[in-house]
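Asker: Pasting the sequence and the predicted model now:
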Amino acid sequence: MRLGIIITALIVIISLAAFGAKTDEDELPRLIQHARSARIEQQPGLYTNIAERELKLADQLYSADDIEKARAALGGVVSYADKASDAAIQTGKDLKHTEIAMRKMSFKLRDMERKLTFSDQPPLQGASDHLEKLRTSLLARMFKKRK
């Protein structure tokens, strides 16, 4: 009797996890469309969220040894991080949150880089360096002297 309940519970948990993964995969294009049409004050947070999701996807793809798709997702990380940074600098909104997110994503890229073969590391190194430059720009904007 208990074994039947445990098996049923496991099936429900696995089904929910599979459904949740598919929903997250379907949600990204809608989130991207929403970010494009959102007011500029909302864009830093939205684009940061998209970049973080792309990074998670890239990590999963690198772990699955799907290098080409992982590099495409990595390009999305850089692209959406650029958009988040540009919107934050332009509006002066969410500067701190965006800078913290860039730092965390840069650390994650460096961790991912250590797991890969030497020939697969340069794109991750380049992306990490790019995010560090974005962080520097955000920090410069945050601590800009006012006249």
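Answerer: Perfect, thanks for sending it.

Asker: what about the residue nearest the centre of the chain, helix or strand, and which?
Answerer: Against the mean C-alpha coordinate of the chain, by CA atoms, centre = their mean, the closest residue is residue 52 at 1.5 Å. Per DSSP states H and E: residue 52 is located in helix 43-63.

Asker: got the domain boundaries for the chain?
Answerer: Residue ranges of the domains in the chain are recorded as 1-37, 40-142, according to automatic domain parsing.

Asker: Identify each buried residue in stretch 84-99, please.
Answerer: Neighbour-count burial for stretch 84-99, with 16 or more other CB atoms under 10 Å as criterion, is recorded at 84-89, 93-95, 98-99. All C-beta atoms are positioned from the backbone trio N, CA, C, and that covers glycine.

Asker: And stretch 32-44, by the same measure?
Answerer: Taking 16+ other CB under 10 Å as the neighbour-count basis, stretch 32-44 is seen to contain the buried residues 32, 35, 42-44.
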